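# A structural model of the following input is requested.
(2 chains)
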Amino acid sequence: MLSSPHRISIARKMLLHKKARLAMSLSAMAFTVVIMLMEMGFFNGINDSQARLATYFNADLVMMDMRSIHLNKYATMDRSRMMQAMGFEDVVEVVPVYKALVGMKNPQTGLTKVIFVMAFPPDSNPLGFPNGEQVGAALKKQGTVVFDTKSRRIFGKIELGQDIEISDRKYRVGGFVELGPNFSIDGTILMSDATWLRGRWDRESDRIAYGLLRTRAGSDIPALKQRILDRLPKDILVLTPEEMRRREVIHTIKAVPLGAIFGVGMVIGFVIGVIICYQILYNEITDHMPQYATLRAMGFSDRFLRKTVVQEALWLSALGFIPGLAFGYLLYAVIEYYTGILMFLTIGRIAVIFFFTIVMCTIGGLIAVKRVTSADPATLY
Amino acid sequence: MNIPIARKNVFQNKKRAAAAVSGIAFSVLLVFMQLGFLQGARTAAAALFDRFDYDLGIVSERYKFMGAPDRFDKMRLTQAQVIPEIESWVNLNISNGWWKDPDSDLTSELMIFGITLDPGFVHDPEIRSGVESIRKNNTVLVDVYSHPGYGDLTVGREVEINEKTVTITGQFKLGVSLFSDGCVIMSNDNFFRLTRSDPRKFNYGFLRIKGDADPEAVKEKLERVLPDDVLVFTREEMIRQEQDYFISVKPVGVIFQTGVVVAFIVGVVILFQVLNTDISNRLNEFATLKAMGFNSRFIYGIGVKQALMYALMSYFPALGFAYVVFHVVHALSKMPMDLTPGMAGFVFSMSLMMCIISCILGLQKVRRTDPAELY
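Numbers count the residues shown, from 1 in each chain, chains lettered A, B, ... in the order given. Presented below is the predicted three-dimensional model:
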């Protein structure tokens, strides 16, 4: 009977019976999906934002001082390491990247705030900007800088051609890029190595923060990395950009109890979801008690009824997930726009939340299922 | 005879009531958690400035927050003394350094605070009692909330800071996980030597003013006397601006505020749904009441009472649960998590708001109850 082509999807019909109530229930489900999405989004968002620079590196390997703990707490290394790296056969180019935190004066308020400066040879495009050539051309002019338009508003509104004051010297803004802030840096300025070396910075300005290694096509990167580590003095680290990103994420998770903070939120969202799902199904079963009793009287097994309820739960998870995802997506965009926290969804992340939603509904369904088997045909009349 | 109709309605189906209450309670708990984290971040951001006793603070004009404090010329503090209301001053300095646990050879990041050894300026009793012990060379007070990688932190132990051996002579509780793995406090003499920073430049100047003077007025005078390269804050402003930086600029605030709003909406939706179901199931009873001559207000009253009962029954367990979770989170993460009466009150009013909104939305049906439809 169950496999008959005229099979009626009882689960769906039961759910759709009262559409207004279903819509209400689904909005509650959707919000629990939103809670989980938000909590996961902030957790990933903070990690991704902290590691953002590593994902931009346009290189095969990144060389840095041993004492560099993370992207914003680093030590510089001697230029000679760069020359030594050039000596490896597979290495075709080493791009020096200088960086420092310096004071920039907000042209509107006159207040100086600390901003992140990065310098490199103009043609090297170390961060793989889509407008890399333009940026390079702009930077070639001595004293010209490129400003990150996603910098926080504390630096004021910056326009093309404007002169800005960094460490008490004037620089002209010759272009823009989009990088974005995080918890450690509020804004970014790029300049050429030539402009950098003429500036008076706090630290020894000819020491480099990163050496970006570009290799011959087809070279064995892990082997090259090992060779460099073996042959060069032990005061350096060599990582692929991906390793660097991962190192950064791990550091962020360890440094701040992010997992605990957002994990608690996720768990609570999940529990609310279970309760809501239970409640929806419980009400649905209560409303349809006579129908379930009739089904039982007709000889359908308890297993069949249980299956129906679990199917309803699965329908709920699917139907609640879609509006939840849509709303969450919107919220991600709004939050990213206003805060600069990188908020994005990947298939994997969507799948995780969908999985949680299914588990959540199944648990709710399994708790509610007991009720259906208490449907007594004798009470029907 | 007065029949508690609302109560009977709520408790008629205990299982359903329990599900409803737990759903609402969890959304209230979520509100508590989000507010707790927000409050925790706020407290942690300015914790240092709460440990000292002063009326006015001086920082560089480039000052951003504790993680990027910048320095000003120590002359500014001498200049400040031309104002007769200034009684005394101390200075506090911050630098990043390295901590090495000699047992594990593990090196960690460290935040080093250098202070003037004047217990009168220290508010925190543990730091105050430790001030005398760090007068000697290479002695430090250590934050017990530092990262576990710091190793054993007992008094008398020798560890390495910036490749120099130092002795722990006392402990305090601060928690700087927003900035570094951990921190120590040492005398300014030790600070400038160990960090090799320029002793002519300070990060913070803390000023004490004479008994009856008004800090605001003295602040204005100072601003007039001192050059533009420094900023003057009162103690409250100092703490507030530190918090604002994290909450608004970074912006930690929006993360938790979003959480509060979403949790609130979920609470409203659940409560609405519960009311709606309850009322739909009892439309006949309500119509009967109407036919018996009870007016709509009476019937609304039942709905409102039910909503209120759900809200209250959810709030108190959530409050208790939040109290426990706050303690657990604090124990695990060392984040300051305080459930203040203000927070409890705020969430209580939020629960009432949930109740009001869901009543407005959910009680529409009652109006339409028509005795004629009964039969």
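# please identify the buried residues of whichever strand or helix holds A:L295?
Assigned by DSSP states H and E, A:L295 belongs to helix A:289-297. Going by neighbour count (16 or more other Cβ atoms under 10 Å in any protein chain shown), the buried part of helix A:289-297 is A:289, A:291-293, A:295-296. Where C-beta positions appear, they are placed from N, C-alpha and C, glycine not excepted.
# does that helix reach chain B?
No. Judged by Cβ under 8 Å from any Cβ of the partner chain, helix A:289-297 makes no contact with chain B; its nearest approach is 11.9 Å.
# with just CA atoms, put that helix into CSV.
Extracted in CSV, the C-alpha atoms of helix A:289-297 (Å, rounded to 0.1, in the frame of the first residue of the first chain):
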residue,chain,number,x,y,z
MET,A,289,-6.2,14.0,16.7
PRO,A,290,-9.4,12.7,15.1
GLN,A,291,-7.6,12.2,11.7
TYR,A,292,-4.7,10.3,13.3
ALA,A,293,-7.2,8.2,15.3
THR,A,294,-9.0,7.4,12.1
LEU,A,295,-5.8,6.4,10.4
ARG,A,296,-5.0,4.1,13.3
ALA,A,297,-8.5,2.7,13.1
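# what's next to that helix, contact-wise?
Contacts of helix A:289-297 from elsewhere in the structure, counted by Cβ atoms under 8 Å, 6 or more residues apart in numbering or on different chains, are A:10, A:14, A:285, A:302, A:304-305, A:372, A:375-377, A:379-380.
# quick check: mean pLDDT across it?
Computed over helix A:289-297, the mean pLDDT rounds to 85.
# after it, next one along is what?
Next along the chain after helix A:289-297, taking DSSP H and E as the criterion, comes helix A:302-339.
# quick check: buried residues in that next one?
Residues of helix A:302-339 classed as buried by neighbour count (16+ other Cβ under 10 Å): A:305-317, A:319-321, A:323-325, A:327-329, A:331-332, A:335-336, A:339.
# circling back to that earlier point, ok and the helix holding A:L295 relative to helix A:302-339, angle-wise?
Angle of helix A:289-297 versus helix A:302-339, following axes from the mean of the first three to the mean of the last three Cα atoms, to 10 degrees, is 140 degrees.
# how far does helix A:289-297 sit from its chain's centre?
Remark: helix A:289-297 is offset 49 Å from the chain centroid, using Cα atoms, centre = their mean, to the nearest Å.
# got the contacts of helix A:289-297 as JSON lines, with distance to chain B, secondary structure and pLDDT columns?
Output for the contacts of helix A:289-297, formatted as JSON lines (distance: Cβ to the nearest Cβ, whole Å; DSSP: H, G, I helix; E, B strand; the rest coil; pLDDT from 0 to 100):
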{"residue": "A:I10", "distance to chain B": "21", "secondary structure": "helix", "pLDDT": "77"}
{"residue": "A:M14", "distance to chain B": "15", "secondary structure": "helix", "pLDDT": "76"}
{"residue": "A:I285", "distance to chain B": "11", "secondary structure": "helix", "pLDDT": "85"}
{"residue": "A:D302", "distance to chain B": "19", "secondary structure": "helix", "pLDDT": "85"}
{"residue": "A:F304", "distance to chain B": "23", "secondary structure": "helix", "pLDDT": "87"}
{"residue": "A:L305", "distance to chain B": "18", "secondary structure": "helix", "pLDDT": "86"}
{"residue": "A:V372", "distance to chain B": "14", "secondary structure": "helix", "pLDDT": "79"}
{"residue": "A:A375", "distance to chain B": "15", "secondary structure": "coil", "pLDDT": "73"}
{"residue": "A:D376", "distance to chain B": "17", "secondary structure": "coil", "pLDDT": "74"}
{"residue": "A:P377", "distance to chain B": "22", "secondary structure": "helix", "pLDDT": "73"}
{"residue": "A:T379", "distance to chain B": "16", "secondary structure": "helix", "pLDDT": "69"}
{"residue": "A:L380", "distance to chain B": "19", "secondary structure": "helix", "pLDDT": "62"}
